[in-house]
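Peer 1: Need a 3D model of the following:
(2 chains)
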Amino acid sequence: MPLSIGDLIFVCFVGITFAGAIMAVSLKNIFHNALSLALTLLGTAGIFVFLHCEFLGLMQILIYAGAISIAIIFAVMLSPPLSLKPKKRSVTKVLVSLSVSTLTFVTLAYIFIRTPWPISANADAGDFSATHIGEILISRYAFAFELISIVLLVAILGALVIAHEEPGDRRLDPEISLEDERWAS
Amino acid sequence: MINIAIQILIWAVGIIAVVTVNALALVYLERKVSAHIQCRLGPMQVGFHGLLQTVADAVKLVSKEQIIPKNADKVLFILAPILAFFPVIVLFVVMPFAPNLICRDLNIGVLYVFSFASLEVIAIFMAGWSSNNKYSLLGAMRSVAQVVSYEVPLLLAVLAVVLVIGSLKMSEVVQYQHKIWMIFLQPAAFLIFMMGGLADTNRSPFDIPEAESELIAGFHTEYSGMRFALFFLSEYSNVFLVSCIATALFLGGWYGPFVNGIHWFVIKVYALVFVMMWVRWTLPRLRPDQLMNFCWKILTPIAILNLLVTGVVLKLVH
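Peer 2: Here you go, the predicted model:
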């Protein structure tokens, strides 16, 4: 089957996403990891555009590639210098992150396998315009919308608590600020 | 298919030509404006009143050696100027120069502009970090903090405008203003936008990222030759682009007395560019803490208030 230009572009975007994701976890330099993550987010934005959700694609660039990845890079700047020898990871930490990521992967894989592809087109499934997304966000998905704002509020409060800590009381832990960015996303 | 390819090629060549020529013109303009503000003459030797001075400078930059610092992160160091230039080219795609002179009139053009503009920061940070130089890193961190902060009031101001117009399409945004310019409906938003624009382009009084007296040149201290020129190109193109966006959003784009058309757009853009240069050479630089306070404690509340009032008024009118 000959590849059309559309297929080629799709393969390109998927390739960028995958390459970025693999580099984000495999590279040794933490700054390179953060940049690779930004590359993955850009690739995802490309896939959104390819699926005719231009609005979501641009939002992905504005919020994730433009803001969240910058916040992560800032958090990287708070981490110890790269020239120092990194501390060995504790076994419990590795185990916890391993179990969380496995659980996430299994859940997602389960959902993917269970879903009858392609999803049948509902009355409004094909409409990804800004107007329509805005409307359903504050009507049908109002609960999720409010929930997200609570999460953001908690993240802001957490940032305030960290910022207000007495100097010399406890060293600013770079991992806490990284954690915050993940919450905010 | 081939038609589309040729069309894309023509647009790409056109955009790059405009970017380059415009940057040369703006550098000349800046040197002349600054000179006259400081009671000097500025470049006078090369060509009539120094008109060819920037061309000579460009030739010099192209022929200069490309120096890469010994302990620099080579890949990122080389990539950064290219990435800094990328948003510039991409943003020209939706600029509404004239009714039929828009490369792509996207439905969400305004959003497109601001989402790609936000990528510039990553390139600046890459440049600062990969140079392995404390001045570069400090400049980059300042720049990122500043740009990320000032994006908030800037986007809120634009949101108020979009609320009034009810469309994110660049051509519709301009067409809405054929009777009355947006600057008269949204004066506060215009001022906030221009201040945010000055901060986003790292220009005085918001130029702490490249404060010469403290940081040498900020994030591009270690760059030389054509890589330095690329940063310079993107900086001046950003000044031009901010003026373009302001013209389209607030100053009625191609509309004007007598004949509507691209000439009005260009006149307005260069008038705004002149104002930005005027501000740069008359105002002193802000201190970093003043800069952050101004953004978060003055500009952002005003922008939110402006948005609120706009929403209430629109609800009452409709």
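
Peer 1: Now do stretch B:286-293: distance to the chain's middle.
Peer 2: 21 Å (C-alpha atoms, centre = their mean, to the nearest Å).

Peer 1: correction: stretch A:142-152
Peer 2: On the basis of C-alpha atoms, centre = their mean, stretch A:142-152 sits 17 Å off its chain's mean C-alpha point.

Peer 1: now stretch B:132-152
Peer 2: Centre-to-centre, stretch B:132-152 and its host chain are 16 Å apart (C-alpha atoms, centre = their mean).

Peer 1: in that stretch, what counts as buried?
Peer 2: B:133, B:135-152 (16 or more other C-beta atoms under 10 Å in any protein chain shown). C-beta: built from backbone N, CA, C; applies to glycine.

Peer 1: near chain A too, which of those residues?
Peer 2: Of the residues in the buried residues of stretch B:132-152, proximity to chain A by C-beta under 8 Å from any C-beta of the partner chain holds for B:Met141, B:Val144, B:Ala145, B:Val148, B:Glu151.

Peer 1: Let me see the confidence value for the first one.
Peer 2: The reference is to B:Met141. Per-residue pLDDT puts B:Met141 at 83.

Peer 1: right, and it touches B:Gly128 too?
Peer 2: Yes. Shown here, B:Met141 and B:Gly128 form a contact pair, counting by C-beta atoms under 8 Å, at 7.0 Å.

Peer 1: which residues of chain B score low on pLDDT?
Peer 2: Scanning chain B for pLDDT under 70 picks out the ranges B:208-213.

Peer 1: what does chain A put close to chain B?
Peer 2: For chain A, the residues in contact with chain B (C-beta under 8 Å from any C-beta) are A:29, A:31-32, A:35, A:38, A:54-55, A:58-59, A:61-62, A:65-67, A:69-70, A:73-74, A:77, A:129-130.

Peer 1: let's see it at 10 Å
Peer 2: Neighbours of chain B within chain A, by C-beta under 10 Å from any C-beta of the partner chain: A:5, A:29, A:31-32, A:34-35, A:38-39, A:42, A:45, A:54-55, A:57-63, A:65-67, A:69-71, A:73-74, A:76-77, A:82-83, A:129-131.

Peer 1: Check which element follows the helix or strand containing B:Met126 along the chain.
Peer 2: Counting by DSSP states H and E, the element that carries B:Met126 is helix B:120-130. Later in the chain than helix B:120-130, the nearest helix or strand by DSSP H and E is helix B:134-165.

Peer 1: counting contacts, what elements does the next helix or strand after that following helix pack onto?
Peer 2: Sequence-wise, the next helix or strand downstream of helix B:134-165 (DSSP H and E) is helix B:170-175. Here helix B:170-175 is seen to pack against helix B:109-117, helix B:134-165, helix B:225-250 when contacts are counted using 3 or more C-beta pairs under 10 Å, 6 or more residues apart in numbering or on different chains; DSSP states H and E.

Peer 1: CA-only coordinates of helix B:170-175 in CSV, if you can.
Peer 2: C-alpha atoms of helix B:170-175 as CSV (Å, rounded to 0.1, in the frame of the first residue of the first chain):
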residue,chain,number,x,y,z
MET,B,170,-7.2,37.3,12.2
SER,B,171,-9.1,38.7,9.2
GLU,B,172,-12.3,38.9,11.2
VAL,B,173,-10.5,40.6,14.0
VAL,B,174,-9.4,43.3,11.6
GLN,B,175,-12.7,43.5,9.8
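
Peer 1: Which single residue of the stretch 1-150 of chain B ends up nearest chain A?
Peer 2: Closest to chain A within the stretch 1-150 of chain B is B:Ser118: 2.9 Å, counting by C-beta to the nearest C-beta.

Peer 1: Same question for the stretch 151-300 of chain B.
Peer 2: Closest point on the stretch 151-300 of chain B to chain A, by C-beta to the nearest C-beta, is B:Leu168, at 6.5 Å.

Peer 1: need the contact list for that residue.
Peer 2: Residues near B:Leu168 by C-beta atoms under 10 Å, 6 or more residues apart in numbering or on different chains: A:55, A:58, A:129-131, B:106-113, B:158, B:162.

Peer 1: give me that answer again for 7 Å
Peer 2: A:Ala130, B:Asn107, B:Ile108, B:Gly109, B:Val110, B:Leu111, B:Val162 (C-beta atoms under 7 Å, 6 or more residues apart in numbering or on different chains).
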